[in-house]
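Enquirer: Here is the input, now give the coordinates:
(2 chains)
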Amino acid sequence: MSNLFPLRLCDAQVRRRGKTILGPVNLELDGQGLTIIVGPNGAGKTSLLRVMHGVERLSGGTVQWGMNDDHARERQAYVFQSPIMLRRSVADNLHYPLRLSGMARGEASPLVADWLARIGLQGQRQMQATRLSGGERQKLALARALIRQPEVLFLDEPCANLDGRATREFETLLLATRDSGTRIVMATHDLGQAKRLATDALFILGGCIHESAAAPAFFETPQTPELASFLRGDIVE
Amino acid sequence: MTEIFEGLRAAFWLVIALDPELIDIALRSLQVTLSALVIACVIAIPFGTYLAISRFRRRRLVIAVVNAMMGLPPVVVGLIVYLLLSRSGPFGVLGLLFTPTAMVIAQVIIITPLIASITHQAMRELWAEYHDLLISMHTSKWQRVKTLMWDGRRNLLTAALAGFGRAIGEVGAIMIVGGNIDNVTRVLTTAIALETGKGDFALALALGFVLIALALLVNFAIHWLSRTEREGLW
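Expert: Here you go, the predicted structure:
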């Protein structure tokens, strides 16, 4: 069996209506750690995540996993900024990805029960998922993404709409996921969160990777004036 | 006014007495309409859902045609089905003309576009909501259709009930292809038309009330079975 990693982006570019949204981006991602993507609004964080995930049409360049795209896609998961809940019960939301990959309901049930316990929603298992609170929804979306045991997990500002407690619970789950060996790539707006979670980080500006480094150095000794002022909290455009 | 009260009274007695002829006609109405509804749903619901999720050339044209076909005049549909099924027509050998099967065929043609169109409208909104998630999960086309049909089943019920309403009250097409033959192809609507023509308004009205009651009953039964309007928005 071939390896999912490394992921290589070669001059990857996304243009829409004559405007360059992303790129050209050159990037290599190996199988370890938690990469944080930071940058101002509209810099291309979401586009970069979607390009890596393979759901954004490229205008130029290539995105190459270590294996063919179909198989690679099955080993990835994506969590959106505003969680998309299927109009079913909480438990059925977790059943859904397992059923997609052909697992029988009986076989899936213990896994679902396990994940319900991990995100603390056992009591709401029969509740309609769309009635959950924002924090509960995002935890459910994370569990739904992780239940197929992806090798890489993309998150697009998952805590943007969460309060402190919900964010902390979410981060705890995320760190447990990282420690179990899942590669995580996450865009965030919250610099505190970035510092808490990152093993390495990318700074995106104007659709390009402006600076990248391993975690403490990235935040403590920025090499470019733009990143330095971004980290200080100034407005960078 | 007196005719209406007499009609109500006659309807009351027909129902109370379990008039065998009335029951026969009412059951045939239900049988023809429900058969047509099931067939139309099997065609229209996956088709409408597929239209909502896929992008192909001429898609807009297909949608416009389906929407336009909602307005097909039943009499014309009846005439065309009549010509196709008549002895000299291409399907004459099947001997279907003036049978309940012919009536089912005509009704399927009339209600399929209606159900497909309502399905498409409802599924389009659900697809907009689910799009990113289902794409990200790497689902196949058929898995997407199944997911939408299941999660949108309440909306599909509305589509089916609209189809039922149109079919049960339809008279023009089934009169032509069925022929309104006593004990064979006579249903509530064609019987009403016949009794009205004969001037027996009380009986016609009685049948009319039975028809309305039947339609209401089926709607309530389906709503009750599917437990709509009970929990949540959907």
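Enquirer: Can I get the helix ranked longest in chain A as CSV, trimmed to CA atoms?
Expert: Once chain A is assigned using DSSP state H, the helix that runs over the most residues is helix A:164-179. Once side chains and other backbone atoms are set aside, the C-alpha atoms of helix A:164-179 remain, and they are given as CSV (Å, rounded to 0.1, in the frame of the first residue of the first chain):
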residue,chain,number,x,y,z
GLY,A,164,-14.5,30.1,25.2
ARG,A,165,-15.7,26.9,26.7
ALA,A,166,-16.8,25.4,23.4
THR,A,167,-13.5,26.3,21.9
ARG,A,168,-11.6,24.7,24.7
GLU,A,169,-13.6,21.5,24.4
PHE,A,170,-13.0,21.6,20.6
GLU,A,171,-9.3,22.1,21.0
THR,A,172,-9.0,19.2,23.5
LEU,A,173,-10.6,16.9,20.9
LEU,A,174,-8.2,18.3,18.3
LEU,A,175,-5.1,17.7,20.3
ALA,A,176,-6.2,14.1,21.1
THR,A,177,-6.6,13.7,17.3
ARG,A,178,-3.2,15.0,16.6
ASP,A,179,-1.6,12.8,19.3
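Enquirer: so what does that helix touch, helix or strand wise?
Expert: The criterion is 3 or more Cβ pairs under 8 Å, 6 or more residues apart in numbering or on different chains; DSSP states H and E, and the helices and strands that helix A:164-179 contacts are helix A:134-146, strand A:183-187, helix A:191-197. Yep, even glycine has a C-beta here, placed from its N, CA and C like the rest.
Enquirer: switch the cut-off to 6 Å
Expert: The elements that helix A:164-179 packs onto, with contact taken as 3 or more Cβ pairs under 6 Å, 6 or more residues apart in numbering or on different chains; DSSP states H and E, do not include any helix or strand.
Enquirer: what sits opposite the closest residue to residue A:155 other than its chain neighbours in the beta ladder?
Expert: For residue A:155, the nearest residue in space outside its immediate sequence neighbours is residue A:186; the separation is 4.1 Å by Cβ to Cβ, 6 or more residues apart in numbering or on different chains. Each beta-bridge partner of residue A:186 is listed here: residue A:36, residue A:155, as defined by DSSP bridges.
Enquirer: Could you double-check that residue A:186 sits in contact with residue A:154?
Expert: No - taking Cβ atoms under 6 Å as the contact criterion, residue A:186 and residue A:154 are not neighbours in contact, 7.3 Å apart.
Enquirer: what's the distance between residue B:206 and residue B:13?
Expert: Shown here: residue B:206 relative to residue B:13, a distance of 8 Å by Cβ to Cβ, to the nearest Å.
Enquirer: Could you check which of these two is surrounded by more residues?
Expert: Here residue B:206 and residue B:13 are compared on neighbour count by other Cβ atoms under 10 Å in any protein chain shown; more neighbours surround residue B:206, at 25 against 11.
Enquirer: Quick one: residues contacting residue 9.
Expert: As the question left the chain open, I've gone with chain A. When contacts are counted by Cβ atoms under 6 Å, 6 or more residues apart in numbering or on different chains, residue A:9 is found next to A:25, A:27, A:63.
Enquirer: Where does the first one sit, in terms of helix or strand?
Expert: In other words, residue A:25. Taking DSSP states H and E as the definition, one finds residue A:25 inside strand A:19-29.
Enquirer: Three-state assignment for residue A:153, please.
Expert: strand (DSSP: H, G, I helix; E, B strand; the rest coil).
Enquirer: count of neighbours near it?
Expert: Per other Cβ under 10 Å, the neighbour tally for residue A:153 reads 21.
Enquirer: right, and the helix or strand after the helix or strand encompassing residue B:49?
Expert: Under the criterion of DSSP H and E, residue B:49 resides in helix B:20-53. For helix B:20-53, the following helix or strand on the C-terminal side (DSSP H and E) is helix B:59-69.
Enquirer: For that next one, what is the distance to the chain centroid?
Expert: Centroid displacement of helix B:59-69 relative to its chain, using Cα atoms, centre = their mean, to the nearest Å, is 20 Å.
Enquirer: Identify each buried residue in that helix, please.
Expert: B:63, B:66, B:69 (16 or more other Cβ atoms under 10 Å in any protein chain shown).
Enquirer: ok, now stretch B:47-54?
Expert: Applying 16+ other Cβ under 10 Å to stretch B:47-54 flags B:47, B:48, B:49, B:50, B:51, B:52, B:53 as buried.
Enquirer: residues near residue A:111, how many?
Expert: Residues lying near residue A:111 (other Cβ under 10 Å) number 16.
Enquirer: Would you mind pointing out the helix or strand it falls in?
Expert: Secondary structure assigned from DSSP H and E places residue A:111 in helix A:105-118.
Enquirer: For that helix, output the C-alpha coordinates as CSV.
Expert: As requested, C-alpha coordinates have been extracted for helix A:105-118 and formatted as CSV (Å, rounded to 0.1, in the frame of the first residue of the first chain):
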residue,chain,number,x,y,z
ARG,A,105,-25.3,-0.6,10.7
GLY,A,106,-24.6,-3.1,13.4
GLU,A,107,-20.9,-2.8,12.9
ALA,A,108,-21.1,1.0,12.9
SER,A,109,-23.1,1.3,16.1
PRO,A,110,-20.3,0.7,18.7
LEU,A,111,-18.1,3.3,16.8
VAL,A,112,-21.0,5.8,16.8
ALA,A,113,-21.6,5.2,20.5
ASP,A,114,-17.9,5.7,21.2
TRP,A,115,-17.7,9.0,19.4
LEU,A,116,-21.0,10.2,21.0
ALA,A,117,-19.3,9.6,24.3
ARG,A,118,-16.1,11.4,23.3
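Enquirer: Just the buried residues of that helix, please?
Expert: Going through helix A:105-118 with 16+ other Cβ under 10 Å, the ones that come out buried are A:108, A:111, A:112, A:115, A:116, A:118.
Enquirer: mind giving me CSV with the residues you listed and columns for distance to residue A:191?
Expert: Formatted as CSV, the entries for the buried residues of helix A:105-118 read as follows, by distance: Cβ to Cβ, whole Å:
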residue, distance to residue A:191
A:108, 39
A:111, 35
A:112, 35
A:115, 30
A:116, 32
A:118, 28
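Enquirer: Nearest to residue A:226 among those residues?
Expert: Proximity of the buried residues of helix A:105-118 to residue A:226 was ranked by Cβ to Cβ; the top entry is residue A:118 with 39.2 Å.
Enquirer: quick one: that closest one from residue B:119, how far?
Expert: 38 Å.
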